[in-house]
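> My questions are about this predicted structure, shown below with the sequence.
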Amino acid sequence: MTMEVKRRDSLESNVLGPFDAIIMAIAGSAPAYSIAASTAVLVAAVGSAGPAALLYCGIPMFGIVWAFMYLGRTYTNAGASYAWVGRSLHPALGYMAGWALIVSATLFMVAGSLPAGSITLTLVNPHWANNVTAVTIMGSIWFVVMAIMVLIGIRITSRVQWIMSTIEIVILLLFVVLALIHADHSPHIAFSLSWFGLSRFHGLSGFAAGALVAAFYYWGWDVSANLNEETKNAKKLPGQGGLWGVVVIFLLFEIFTVIINMTLSAKVINANSVNVLSVLGQTIWPGIGGTILSIAVMLSTIATLETSLIQVTRSLFAMGRDRTLPHAFASIHPRWHTPWIATIVVGIVALVLFVFSNFVQSVSTVMTDSISAIGLQIAIYYGLAGIAVVVAYRALLFRSLANAVFIGLWPLLGSAFMFWILFQSLGSLGASTVAIGLGTMALGLIPMTIYWVKGSPYFSQKGLIQSGETDGIVEVAE
(Lines give C-alpha, C1' and ligand atoms only; values in the text may rest on other atoms or scores of the structure.)
Protein backbone atom coordinates (compact mmCIF):
# COMPACT_ATOMS: atom_id res chain seq x y z
CA MET A 1 0.00 0.00 0.00
CA THR A 2 1.36 3.38 -0.95
CA MET A 3 0.46 6.78 0.38
CA GLU A 4 0.65 9.99 -1.63
CA VAL A 5 2.96 12.50 -0.01
CA LYS A 6 2.35 16.15 -0.82
CA ARG A 7 5.26 18.53 -0.82
CA ARG A 8 4.89 21.29 1.70
CA ASP A 9 6.69 23.80 -0.49
CA SER A 10 4.53 23.48 -3.59
CA LEU A 11 1.09 24.46 -4.77
CA GLU A 12 -1.50 21.68 -4.88
CA SER A 13 -1.22 20.07 -8.30
CA ASN A 14 -3.80 18.40 -10.55
CA VAL A 15 -6.77 20.11 -8.93
CA LEU A 16 -8.34 22.05 -11.79
CA GLY A 17 -9.78 20.41 -14.88
CA PRO A 18 -10.49 21.76 -18.38
CA PHE A 19 -13.81 23.37 -17.49
CA ASP A 20 -12.31 24.93 -14.36
CA ALA A 21 -9.70 26.61 -16.55
CA ILE A 22 -12.43 27.97 -18.85
CA ILE A 23 -14.53 29.24 -15.93
CA MET A 24 -11.51 30.97 -14.42
CA ALA A 25 -10.72 32.71 -17.71
CA ILE A 26 -14.31 33.90 -18.07
CA ALA A 27 -14.42 35.10 -14.46
CA GLY A 28 -11.12 36.93 -14.94
CA SER A 29 -12.55 39.02 -17.77
CA ALA A 30 -15.80 39.54 -15.81
CA PRO A 31 -18.24 39.87 -18.75
CA ALA A 32 -21.19 41.36 -16.83
CA TYR A 33 -18.99 43.81 -14.91
CA SER A 34 -17.07 44.86 -18.03
CA ILE A 35 -20.27 45.49 -20.00
CA ALA A 36 -21.98 47.30 -17.13
CA ALA A 37 -19.07 49.55 -16.20
CA SER A 38 -17.37 50.18 -19.55
CA THR A 39 -20.18 50.52 -22.10
CA ALA A 40 -20.72 54.23 -21.40
CA VAL A 41 -17.01 54.89 -21.86
CA LEU A 42 -16.99 52.89 -25.10
CA VAL A 43 -20.05 54.73 -26.46
CA ALA A 44 -18.52 58.08 -25.52
CA ALA A 45 -15.38 57.11 -27.45
CA VAL A 46 -16.85 55.59 -30.62
CA GLY A 47 -20.63 55.99 -30.49
CA SER A 48 -22.45 53.05 -32.12
CA ALA A 49 -19.16 51.54 -33.35
CA GLY A 50 -18.70 49.59 -30.11
CA PRO A 51 -19.15 46.21 -31.86
CA ALA A 52 -16.40 47.17 -34.32
CA ALA A 53 -14.04 48.28 -31.56
CA LEU A 54 -14.50 44.99 -29.71
CA LEU A 55 -14.10 43.02 -32.94
CA TYR A 56 -10.91 44.72 -34.10
CA CYS A 57 -9.43 44.59 -30.61
CA GLY A 58 -10.54 40.97 -30.18
CA ILE A 59 -8.69 39.74 -33.28
CA PRO A 60 -5.20 40.78 -32.05
CA MET A 61 -6.15 39.76 -28.49
CA PHE A 62 -6.52 36.21 -29.76
CA GLY A 63 -2.89 36.50 -30.86
CA ILE A 64 -1.92 37.05 -27.22
CA VAL A 65 -4.11 34.08 -26.26
CA TRP A 66 -2.17 31.91 -28.71
CA ALA A 67 1.07 33.26 -27.26
CA PHE A 68 0.09 32.24 -23.73
CA MET A 69 -1.10 28.85 -24.94
CA TYR A 70 2.17 27.93 -26.64
CA LEU A 71 4.44 29.51 -24.06
CA GLY A 72 2.58 27.41 -21.48
CA ARG A 73 3.48 24.26 -23.40
CA THR A 74 7.18 24.92 -22.94
CA TYR A 75 7.37 25.56 -19.22
CA THR A 76 4.96 25.22 -16.29
CA ASN A 77 5.28 28.14 -13.88
CA ALA A 78 2.71 30.04 -11.80
CA GLY A 79 4.44 33.27 -12.77
CA ALA A 80 3.31 32.77 -16.40
CA SER A 81 4.49 35.80 -18.43
CA TYR A 82 7.09 36.62 -15.76
CA ALA A 83 8.73 33.23 -16.27
CA TRP A 84 8.20 32.86 -20.02
CA VAL A 85 9.31 36.34 -21.05
CA GLY A 86 12.29 36.09 -18.70
CA ARG A 87 13.54 32.89 -20.29
CA SER A 88 12.85 33.68 -23.94
CA LEU A 89 13.63 37.42 -24.15
CA HIS A 90 15.56 38.63 -21.12
CA PRO A 91 15.21 38.20 -17.32
CA ALA A 92 14.81 41.96 -16.85
CA LEU A 93 11.91 42.05 -19.32
CA GLY A 94 10.36 39.03 -17.64
CA TYR A 95 10.65 40.71 -14.27
CA MET A 96 8.90 43.83 -15.55
CA ALA A 97 6.17 41.71 -17.13
CA GLY A 98 5.53 40.11 -13.75
CA TRP A 99 5.68 43.47 -12.01
CA ALA A 100 3.18 44.94 -14.51
CA LEU A 101 0.68 42.21 -13.70
CA ILE A 102 1.14 42.65 -9.94
CA VAL A 103 0.64 46.42 -10.08
CA SER A 104 -2.31 46.38 -12.51
CA ALA A 105 -4.20 43.58 -10.75
CA THR A 106 -3.66 45.14 -7.32
CA LEU A 107 -4.99 48.49 -8.54
CA PHE A 108 -7.95 46.73 -10.11
CA MET A 109 -8.78 44.99 -6.83
CA VAL A 110 -8.98 48.43 -5.22
CA ALA A 111 -11.20 49.70 -8.04
CA GLY A 112 -13.40 46.60 -8.13
CA SER A 113 -14.22 46.59 -4.43
CA LEU A 114 -16.22 49.83 -4.77
CA PRO A 115 -18.80 48.60 -7.32
CA ALA A 116 -19.01 45.27 -5.48
CA GLY A 117 -20.15 47.13 -2.38
CA SER A 118 -22.30 49.64 -4.23
CA ILE A 119 -24.25 47.13 -6.33
CA THR A 120 -24.82 44.85 -3.34
CA LEU A 121 -26.30 47.71 -1.32
CA THR A 122 -28.40 48.84 -4.30
CA LEU A 123 -30.05 45.43 -4.35
CA VAL A 124 -30.88 45.73 -0.64
CA ASN A 125 -31.69 49.44 -0.34
CA PRO A 126 -30.87 51.90 -3.16
CA HIS A 127 -30.41 54.75 -0.67
CA TRP A 128 -27.50 52.97 1.00
CA ALA A 129 -25.57 52.90 -2.28
CA ASN A 130 -24.88 56.64 -1.90
CA ASN A 131 -23.45 56.24 1.59
CA VAL A 132 -19.65 56.19 1.31
CA THR A 133 -19.17 54.49 4.67
CA ALA A 134 -21.72 51.77 3.94
CA VAL A 135 -20.30 51.12 0.46
CA THR A 136 -16.75 50.96 1.84
CA ILE A 137 -17.75 48.50 4.54
CA MET A 138 -19.69 46.28 2.11
CA GLY A 139 -16.90 46.38 -0.47
CA SER A 140 -14.36 45.52 2.22
CA ILE A 141 -16.47 42.59 3.37
CA TRP A 142 -16.65 41.15 -0.12
CA PHE A 143 -12.91 41.60 -0.63
CA VAL A 144 -12.08 39.90 2.68
CA VAL A 145 -14.42 36.99 1.89
CA MET A 146 -12.76 36.47 -1.49
CA ALA A 147 -9.30 36.72 0.08
CA ILE A 148 -10.27 34.01 2.56
CA MET A 149 -11.49 31.79 -0.30
CA VAL A 150 -8.16 32.22 -2.11
CA LEU A 151 -6.27 31.58 1.12
CA ILE A 152 -7.94 28.33 2.13
CA GLY A 153 -7.41 26.52 -1.14
CA ILE A 154 -7.85 26.38 -4.89
CA ARG A 155 -10.50 23.65 -4.55
CA ILE A 156 -12.97 25.85 -2.70
CA THR A 157 -11.96 28.83 -4.85
CA SER A 158 -12.85 26.95 -8.04
CA ARG A 159 -16.18 25.80 -6.57
CA VAL A 160 -17.09 29.37 -5.64
CA GLN A 161 -16.16 30.51 -9.14
CA TRP A 162 -18.31 27.78 -10.68
CA ILE A 163 -21.33 28.95 -8.70
CA MET A 164 -20.88 32.68 -9.33
CA SER A 165 -19.88 32.47 -12.98
CA THR A 166 -22.52 29.89 -13.90
CA ILE A 167 -25.30 32.05 -12.44
CA GLU A 168 -23.82 35.11 -14.20
CA ILE A 169 -23.63 33.42 -17.61
CA VAL A 170 -27.13 31.89 -17.32
CA ILE A 171 -28.57 35.34 -16.53
CA LEU A 172 -26.70 36.93 -19.44
CA LEU A 173 -27.88 34.24 -21.88
CA LEU A 174 -31.47 34.63 -20.63
CA PHE A 175 -31.34 38.34 -21.36
CA VAL A 176 -29.84 37.75 -24.79
CA VAL A 177 -33.05 35.89 -25.69
CA LEU A 178 -35.32 38.44 -24.00
CA ALA A 179 -33.44 41.34 -25.60
CA LEU A 180 -33.76 39.90 -29.09
CA ILE A 181 -37.50 39.43 -28.57
CA HIS A 182 -37.80 42.98 -27.24
CA ALA A 183 -35.75 44.46 -30.07
CA ASP A 184 -37.86 42.63 -32.64
CA HIS A 185 -41.00 44.30 -31.31
CA SER A 186 -39.81 47.75 -30.20
CA PRO A 187 -36.16 48.52 -31.01
CA HIS A 188 -34.66 51.91 -30.28
CA ILE A 189 -32.91 51.61 -33.63
CA ALA A 190 -32.67 48.75 -36.10
CA PHE A 191 -29.63 46.50 -36.32
CA SER A 192 -26.98 47.66 -38.78
CA LEU A 193 -23.97 45.80 -40.16
CA SER A 194 -22.23 49.17 -40.34
CA TRP A 195 -21.68 48.91 -36.56
CA PHE A 196 -18.91 46.43 -37.42
CA GLY A 197 -17.30 48.59 -40.10
CA LEU A 198 -14.18 50.72 -39.91
CA SER A 199 -16.03 53.65 -41.48
CA ARG A 200 -17.79 54.32 -38.16
CA PHE A 201 -14.54 55.49 -36.58
CA HIS A 202 -13.46 59.11 -36.88
CA GLY A 203 -10.02 58.40 -38.27
CA LEU A 204 -7.13 56.65 -36.54
CA SER A 205 -7.60 58.64 -33.33
CA GLY A 206 -11.22 57.47 -33.10
CA PHE A 207 -10.19 53.86 -33.61
CA ALA A 208 -7.48 54.23 -30.98
CA ALA A 209 -9.98 55.62 -28.47
CA GLY A 210 -12.20 52.57 -28.95
CA ALA A 211 -9.28 50.16 -28.82
CA LEU A 212 -8.11 51.51 -25.47
CA VAL A 213 -11.51 50.82 -23.92
CA ALA A 214 -11.98 47.47 -25.67
CA ALA A 215 -8.64 46.16 -24.38
CA PHE A 216 -9.86 46.68 -20.81
CA TYR A 217 -12.98 44.60 -21.59
CA TYR A 218 -10.88 41.55 -22.40
CA TRP A 219 -8.19 41.82 -19.73
CA GLY A 220 -8.08 39.12 -17.02
CA TRP A 221 -8.59 35.90 -19.01
CA ASP A 222 -4.92 34.98 -18.43
CA VAL A 223 -5.59 33.98 -14.81
CA SER A 224 -5.85 30.41 -16.14
CA ALA A 225 -2.14 30.65 -17.05
CA ASN A 226 -1.19 31.66 -13.50
CA LEU A 227 -3.01 28.54 -12.27
CA ASN A 228 -1.03 26.16 -14.49
CA GLU A 229 0.82 24.50 -11.60
CA GLU A 230 -2.55 23.63 -10.04
CA THR A 231 -4.18 22.38 -13.26
CA LYS A 232 -4.24 18.87 -14.70
CA ASN A 233 -2.21 18.41 -17.88
CA ALA A 234 -0.50 21.64 -16.91
CA LYS A 235 1.18 22.31 -20.26
CA LYS A 236 -2.03 22.23 -22.29
CA LEU A 237 -5.27 22.69 -20.32
CA PRO A 238 -4.54 26.19 -18.92
CA GLY A 239 -3.84 27.54 -22.41
CA GLN A 240 -6.90 25.84 -23.87
CA GLY A 241 -8.99 27.18 -20.99
CA GLY A 242 -7.81 30.69 -21.76
CA LEU A 243 -8.65 30.24 -25.45
CA TRP A 244 -12.20 28.98 -24.91
CA GLY A 245 -12.76 31.53 -22.17
CA VAL A 246 -11.90 34.36 -24.58
CA VAL A 247 -14.20 32.84 -27.22
CA VAL A 248 -17.09 32.98 -24.72
CA ILE A 249 -16.45 36.53 -23.55
CA PHE A 250 -15.84 37.74 -27.12
CA LEU A 251 -19.29 36.50 -28.13
CA LEU A 252 -20.95 37.93 -25.02
CA PHE A 253 -19.30 41.33 -25.50
CA GLU A 254 -20.33 41.51 -29.15
CA ILE A 255 -23.91 40.37 -28.58
CA PHE A 256 -24.56 42.71 -25.65
CA THR A 257 -22.98 45.69 -27.38
CA VAL A 258 -25.31 45.12 -30.34
CA ILE A 259 -28.30 44.69 -28.00
CA ILE A 260 -27.47 47.91 -26.17
CA ASN A 261 -27.17 49.77 -29.48
CA MET A 262 -30.62 48.53 -30.46
CA THR A 263 -32.26 49.15 -27.10
CA LEU A 264 -30.77 52.24 -25.42
CA SER A 265 -29.94 55.74 -26.59
CA ALA A 266 -26.54 57.31 -25.98
CA LYS A 267 -28.21 59.75 -23.58
CA VAL A 268 -29.67 56.93 -21.47
CA ILE A 269 -26.35 55.04 -21.50
CA ASN A 270 -24.45 58.12 -20.32
CA ALA A 271 -27.00 58.79 -17.56
CA ASN A 272 -26.54 55.22 -16.25
CA SER A 273 -22.80 54.90 -16.79
CA VAL A 274 -22.13 53.11 -13.51
CA ASN A 275 -24.33 50.13 -14.40
CA VAL A 276 -25.72 50.14 -17.94
CA LEU A 277 -27.00 46.58 -17.54
CA SER A 278 -29.40 47.67 -14.81
CA VAL A 279 -31.29 50.05 -17.11
CA LEU A 280 -31.04 47.56 -19.99
CA GLY A 281 -32.68 44.89 -17.83
CA GLN A 282 -35.38 47.27 -16.69
CA THR A 283 -36.14 48.23 -20.29
CA ILE A 284 -36.30 44.62 -21.50
CA TRP A 285 -38.14 43.20 -18.49
CA PRO A 286 -39.86 46.00 -16.54
CA GLY A 287 -40.14 45.38 -12.83
CA ILE A 288 -37.40 42.88 -12.02
CA GLY A 289 -35.17 42.83 -15.10
CA GLY A 290 -32.83 45.50 -13.77
CA THR A 291 -32.48 43.68 -10.47
CA ILE A 292 -31.69 40.35 -12.11
CA LEU A 293 -29.00 41.80 -14.34
CA SER A 294 -27.58 43.72 -11.38
CA ILE A 295 -27.20 40.39 -9.57
CA ALA A 296 -25.14 39.18 -12.54
CA VAL A 297 -22.98 42.32 -12.35
CA MET A 298 -22.47 41.88 -8.60
CA LEU A 299 -21.42 38.24 -9.00
CA SER A 300 -19.15 39.13 -11.91
CA THR A 301 -17.45 41.88 -9.91
CA ILE A 302 -16.90 39.67 -6.89
CA ALA A 303 -15.61 36.83 -9.08
CA THR A 304 -13.04 39.05 -10.78
CA LEU A 305 -11.82 40.33 -7.41
CA GLU A 306 -11.00 36.73 -6.61
CA THR A 307 -9.23 36.02 -9.90
CA SER A 308 -7.21 39.24 -9.62
CA LEU A 309 -6.04 38.17 -6.18
CA ILE A 310 -5.13 34.74 -7.58
CA GLN A 311 -3.00 36.31 -10.31
CA VAL A 312 -1.12 38.55 -7.89
CA THR A 313 -0.49 35.86 -5.28
CA ARG A 314 0.69 33.29 -7.83
CA SER A 315 3.01 35.84 -9.42
CA LEU A 316 4.44 36.79 -6.02
CA PHE A 317 4.81 33.09 -5.19
CA ALA A 318 6.81 32.46 -8.37
CA MET A 319 9.00 35.51 -7.81
CA GLY A 320 9.56 34.62 -4.16
CA ARG A 321 10.49 31.07 -5.15
CA ASP A 322 13.03 32.47 -7.63
CA ARG A 323 14.28 34.85 -4.90
CA THR A 324 13.55 37.88 -7.06
CA LEU A 325 11.28 39.14 -4.27
CA PRO A 326 11.31 38.23 -0.56
CA HIS A 327 11.42 34.46 -0.24
CA ALA A 328 8.56 34.61 2.27
CA PHE A 329 6.16 35.09 -0.65
CA ALA A 330 6.95 31.50 -1.65
CA SER A 331 5.77 30.17 1.71
CA ILE A 332 3.05 27.56 1.21
CA HIS A 333 0.48 26.85 3.89
CA PRO A 334 0.98 23.24 5.08
CA ARG A 335 -2.74 22.44 5.00
CA TRP A 336 -4.21 24.58 2.22
CA HIS A 337 -1.20 24.53 -0.15
CA THR A 338 -1.65 28.20 -1.03
CA PRO A 339 0.88 31.07 -0.87
CA TRP A 340 -0.55 32.32 2.40
CA ILE A 341 1.91 35.10 3.21
CA ALA A 342 1.57 36.57 -0.29
CA THR A 343 -2.22 36.42 0.01
CA ILE A 344 -2.27 38.15 3.39
CA VAL A 345 0.19 40.87 2.36
CA VAL A 346 -1.62 41.68 -0.90
CA GLY A 347 -4.98 41.55 0.85
CA ILE A 348 -3.90 44.05 3.49
CA VAL A 349 -2.30 46.43 0.96
CA ALA A 350 -5.32 46.42 -1.34
CA LEU A 351 -7.78 46.80 1.54
CA VAL A 352 -5.91 49.74 3.03
CA LEU A 353 -5.71 51.47 -0.36
CA PHE A 354 -9.43 50.87 -0.91
CA VAL A 355 -10.47 52.34 2.44
CA PHE A 356 -8.15 55.33 2.19
CA SER A 357 -9.15 56.08 -1.40
CA ASN A 358 -12.76 56.45 -0.31
CA PHE A 359 -12.09 58.80 2.61
CA VAL A 360 -8.86 60.68 1.88
CA GLN A 361 -9.15 63.01 -1.09
CA SER A 362 -5.46 63.07 -1.98
CA VAL A 363 -5.29 59.27 -1.94
CA SER A 364 -8.53 59.10 -3.93
CA THR A 365 -7.10 61.35 -6.65
CA VAL A 366 -3.93 59.27 -6.92
CA MET A 367 -5.93 56.05 -7.07
CA THR A 368 -8.20 57.41 -9.81
CA ASP A 369 -5.17 58.30 -11.92
CA SER A 370 -3.54 54.96 -11.15
CA ILE A 371 -6.61 52.98 -12.19
CA SER A 372 -6.74 54.92 -15.46
CA ALA A 373 -3.13 53.87 -16.08
CA ILE A 374 -3.86 50.14 -15.79
CA GLY A 375 -4.01 49.95 -19.58
CA LEU A 376 -0.33 50.87 -19.77
CA GLN A 377 0.65 47.93 -17.59
CA ILE A 378 -1.66 45.50 -19.37
CA ALA A 379 -0.17 46.44 -22.73
CA ILE A 380 3.37 45.87 -21.45
CA TYR A 381 3.03 42.30 -20.24
CA TYR A 382 0.66 41.16 -23.00
CA GLY A 383 2.89 42.75 -25.65
CA LEU A 384 6.03 41.12 -24.28
CA ALA A 385 4.34 37.71 -24.25
CA GLY A 386 3.45 38.12 -27.94
CA ILE A 387 7.10 38.65 -28.81
CA ALA A 388 8.33 35.97 -26.39
CA VAL A 389 6.48 33.11 -28.09
CA VAL A 390 7.94 34.05 -31.49
CA VAL A 391 11.47 34.15 -30.07
CA ALA A 392 11.01 30.91 -28.13
CA TYR A 393 9.78 29.03 -31.21
CA ARG A 394 11.84 30.90 -33.81
CA ALA A 395 13.50 27.75 -35.14
CA LEU A 396 10.15 26.02 -35.58
CA LEU A 397 7.97 28.73 -37.06
CA PHE A 398 8.23 27.56 -40.65
CA ARG A 399 7.78 23.84 -40.12
CA SER A 400 4.12 24.30 -41.01
CA LEU A 401 1.69 27.00 -42.07
CA ALA A 402 -0.17 26.55 -38.77
CA ASN A 403 3.00 27.24 -36.79
CA ALA A 404 3.75 30.34 -38.86
CA VAL A 405 0.26 31.74 -38.26
CA PHE A 406 -0.57 30.72 -34.70
CA ILE A 407 2.90 30.94 -33.14
CA GLY A 408 4.32 33.65 -35.38
CA LEU A 409 2.18 36.13 -37.28
CA TRP A 410 -0.88 36.25 -35.03
CA PRO A 411 1.01 36.73 -31.75
CA LEU A 412 3.16 39.38 -33.45
CA LEU A 413 -0.02 41.16 -34.55
CA GLY A 414 -1.27 41.00 -30.97
CA SER A 415 2.01 42.32 -29.61
CA ALA A 416 2.14 45.18 -32.13
CA PHE A 417 -1.45 46.08 -31.23
CA MET A 418 -0.68 46.10 -27.50
CA PHE A 419 2.34 48.35 -27.89
CA TRP A 420 0.36 50.60 -30.20
CA ILE A 421 -2.26 50.89 -27.44
CA LEU A 422 0.55 51.68 -25.02
CA PHE A 423 1.86 54.58 -27.11
CA GLN A 424 -1.64 55.83 -27.86
CA SER A 425 -2.30 55.85 -24.11
CA LEU A 426 0.79 57.95 -23.51
CA GLY A 427 -0.62 60.57 -25.83
CA SER A 428 -4.24 60.49 -24.67
CA LEU A 429 -3.99 60.08 -20.90
CA GLY A 430 -3.29 62.99 -18.58
CA ALA A 431 0.26 63.75 -17.48
CA SER A 432 -0.36 62.65 -13.89
CA THR A 433 -1.93 59.37 -15.03
CA VAL A 434 1.02 58.58 -17.30
CA ALA A 435 3.48 59.56 -14.57
CA ILE A 436 1.80 57.27 -12.06
CA GLY A 437 1.46 54.42 -14.58
CA LEU A 438 5.10 54.52 -15.63
CA GLY A 439 6.24 55.49 -12.14
CA THR A 440 4.72 52.38 -10.57
CA MET A 441 6.46 50.35 -13.27
CA ALA A 442 9.75 52.10 -12.52
CA LEU A 443 9.41 51.13 -8.86
CA GLY A 444 9.88 47.53 -9.97
CA LEU A 445 13.42 48.37 -11.00
CA ILE A 446 14.36 48.73 -7.33
CA PRO A 447 13.70 45.15 -6.17
CA MET A 448 14.86 43.82 -9.53
CA THR A 449 18.25 45.50 -9.08
CA ILE A 450 18.55 44.38 -5.47
CA TYR A 451 17.91 40.70 -6.20
CA TRP A 452 19.96 40.76 -9.40
CA VAL A 453 22.95 42.02 -7.40
CA LYS A 454 22.27 39.33 -4.77
CA GLY A 455 22.75 36.73 -7.51
CA SER A 456 19.29 35.28 -8.00
CA PRO A 457 19.57 32.35 -10.48
CA TYR A 458 16.57 33.77 -12.35
CA PHE A 459 18.79 36.43 -13.89
CA SER A 460 21.20 33.90 -15.41
CA GLN A 461 18.71 31.38 -16.83
CA LYS A 462 18.75 29.91 -20.31
CA GLY A 463 16.09 30.16 -23.04
CA LEU A 464 12.75 28.40 -22.98
CA ILE A 465 13.27 25.90 -25.77
CA GLN A 466 16.58 24.07 -25.94
CA SER A 467 17.87 21.58 -28.50
CA GLY A 468 16.02 18.27 -28.20
CA GLU A 469 13.10 19.76 -26.24
CA THR A 470 10.82 20.52 -29.17
CA ASP A 471 9.26 17.16 -29.96
CA GLY A 472 5.51 16.98 -29.55
CA ILE A 473 4.84 20.48 -28.27
CA VAL A 474 4.53 22.79 -31.23
CA GLU A 475 2.11 21.37 -33.75
CA VAL A 476 -1.16 23.30 -33.59
CA ALA A 477 -3.18 20.25 -34.58
CA GLU A 478 -2.16 18.37 -31.43
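Here it is on my side, so go on.

> just checking, G139 touches A111?
No - contact criterion CB atoms under 8 Å: G139 and A111 do not qualify, at 10.3 Å. In short, each C-beta sits where N, CA and C put it, glycine included.

> For the two, indicate the residue with more neighbours.
More crowded of G139 and A111, by other CB atoms under 10 Å: G139, with 28 against 22.

> is it fair to say the more buried one lies in a helix?
Yes - G139: assigned to a helix according to DSSP: H, G, I helix; E, B strand; the rest coil.

> quick one: L54 from T157, how far?
The gap separating L54 from T157 is 29 Å, by CB to CB, to the nearest Å.

> Ok, S315 next?
Separation of S315 from T157 (CB to CB): 16 Å.

> For those two, indicate the residue with more neighbours.
Neighbour count, other CB under 10 Å: between S315 and T157, S315 has more, with 30 against 26.

> what about that one, distance to S158?
For S315, the distance to S158 equals 19 Å [CB to CB].

> Same question for V41.
Applying CB to CB, the value for V41 to S158 is 31 Å.

> who's more crowded, these two?
S158 (23 against 17).

> Just the pLDDT for that one.
Here the pLDDT value assigned to S158 is 92.

> OK, contacts around W128?
Each residue near W128 by CB atoms under 8 Å, 6 or more residues apart in numbering is listed here: 121-122, 134-135.

> Quick check: of those, which lies closest to I255?
For these, the closest approach to I255 (CB to CB) belongs to T122, at 24.8 Å.

> Quick check, the closest one in contact with I295.
No - in this structure, T122 is not within contact of I295 by CB under 8 Å, at 10.4 Å.

> more neighbours, the two?
Legend: neighbour count by other CB under 10 Å for T122 and I295, higher for T122 (23 against 18).

> how about the helices of the stretch 201-350 of the chain, start to end?
Here the stretch 201-350 of the chain has its helices, by DSSP state H, counting those that start in this stretch, at 203-218, 223-226, 237-263, 266-271, 276-284, 289-321, 340-359.

> Helix 237-263 and the first one, what's the angle between them?
Okay, so that is helix 203-218. Relative orientation of helix 203-218 and helix 237-263, computed by axes from the mean of the first three to the mean of the last three CA atoms, to 10 degrees: 120 degrees.

> Could you give me the buried positions within helix 203-218?
Within helix 203-218, the residues that count as buried by 16 or more other CB atoms under 10 Å are 206-218.

> can you check the longest one too?
By 16+ other CB under 10 Å, the buried positions in helix 289-321 come out as 289-290, 292-321.

> How about residues contacting stretch 337-347?
Under the criterion CB under 8 Å, 6+ apart, residues 6, 10-12, 106, 109, 143-144, 147, 150-154, 309, 312-314, 316-317, 320, 328-333 lie in contact with stretch 337-347.

> Sitting in strands, which of those do you find?
Using DSSP state E, the subset of those located in strands is empty.

> Show me which of the residues you listed are buried.
Buried among those by 16+ other CB under 10 Å: 11-12, 106, 109, 143, 147, 150-154, 309, 312-314, 316-317, 320, 329-332.

> Check which element follows the helix or strand bottoming out on mean pLDDT in the chain along the chain.
Of all helical and strand segments in the chain, the minimum by mean pLDDT, DSSP states H and E falls on helix 361-372, at a mean of 63. Proceeding N to C from helix 361-372, the next assigned helix or strand is helix 374-392, under DSSP states H and E.

> quick one: contacts for the spatially closest residue to L412 that is not a sequence neighbour?
With CB to CB, 6 or more residues apart in numbering as the criterion, L412 has its nearest non-adjacent residue at 5.8 Å, and that residue is V390. Contacts for V390 (CB under 8 Å, 6+ apart) come out as 397, 407-408, 411-412.

> where in the stretch 251-400 of the chain is pLDDT low?
The stretch 251-400 of the chain contains residues with pLDDT under 70 at 361-371.

> first vs last residue of stretch 317-331, how far apart are they?
The straight-line separation of the ends of stretch 317-331 (CA to CA, to the nearest Å) is 8 Å.

> ok so, going back, any chance of the contacts of V390 in a markdown table, plus neighbour count and secondary structure?
Listed next are the contacts of V390 as a markdown table, based on neighbours: other CB atoms under 10 Å; DSSP: H, G, I helix; E, B strand; the rest coil:
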| residue | neighbour count | secondary structure |
| --- | --- | --- |
| L397 | 17 | coil |
| I407 | 28 | helix |
| G408 | 20 | helix |
| P411 | 29 | helix |
| L412 | 17 | helix |
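
> and of these, the nearest to V352?
Distances from V352 to the contacts of V390, taken as CB to CB, are shortest for P411 (37.9 Å).

> For that closest one, report the pLDDT, please.
97.

> That one and M69 touch, don't they?
No - P411 is not in contact with M69 according to CB under 8 Å; the separation is 9.7 Å.

> Phi first, then psi, for L325.
According to degrees, to the nearest 10, the main-chain angles of L325 amount to phi -140, psi 170.

> what inclination does the helix or strand where I102 lies have with respect to helix 276-284?
Using DSSP H and E, I102 sits in helix 91-124. Calculated by the same axes, to 10 degrees, helix 91-124 forms an angle of 40 degrees with helix 276-284.

> buried stuff in stretch 410-423?
Quick answer for stretch 410-423 (16+ other CB under 10 Å): 410-415, 417-419, 421-422.

> gap between that stretch and the chain center?
Distance of stretch 410-423 from the chain centroid (CA atoms, centre = their mean, to the nearest Å) equals 17 Å.

> who touches that stretch?
The contact list for stretch 410-423, computed with CB under 8 Å, 6+ apart, reads 57, 59-67, 208, 211-212, 215, 375-376, 378-380, 382-387, 389-390.

> quick one: N14 from A37, how far?
Distance, N14 to A37, using CB to CB: 36 Å.

> ok, now which ones touch G117?
Residues counted as contacts of G117 (CB under 8 Å, 6+ apart) are 134-142.

> Please disregard the earlier target; I meant T313.
For T313, the contact set (CB under 8 Å, 6+ apart) comprises 150, 338-339, 342-343, 346.

> how about those, which pair is most distant?
Among these, the pair separated by the greatest distance (CB to CB) is T338 and V346, at 12.1 Å.

> Tell me where the stretch 1-150 of the chain is predicted with low confidence.
In the stretch 1-150 of the chain, residues with pLDDT under 70: 1-9.

> Now for the closest residue in space to A330 that isn't next to it in sequence: which residues touch it?
Nearest in space to A330, with sequence neighbours left out and distances taken as CB to CB, 6+ apart, is G320 at 3.6 Å. Listed by CB under 8 Å, 6+ apart, the contact set of G320 reads 326-331, 339, 342.
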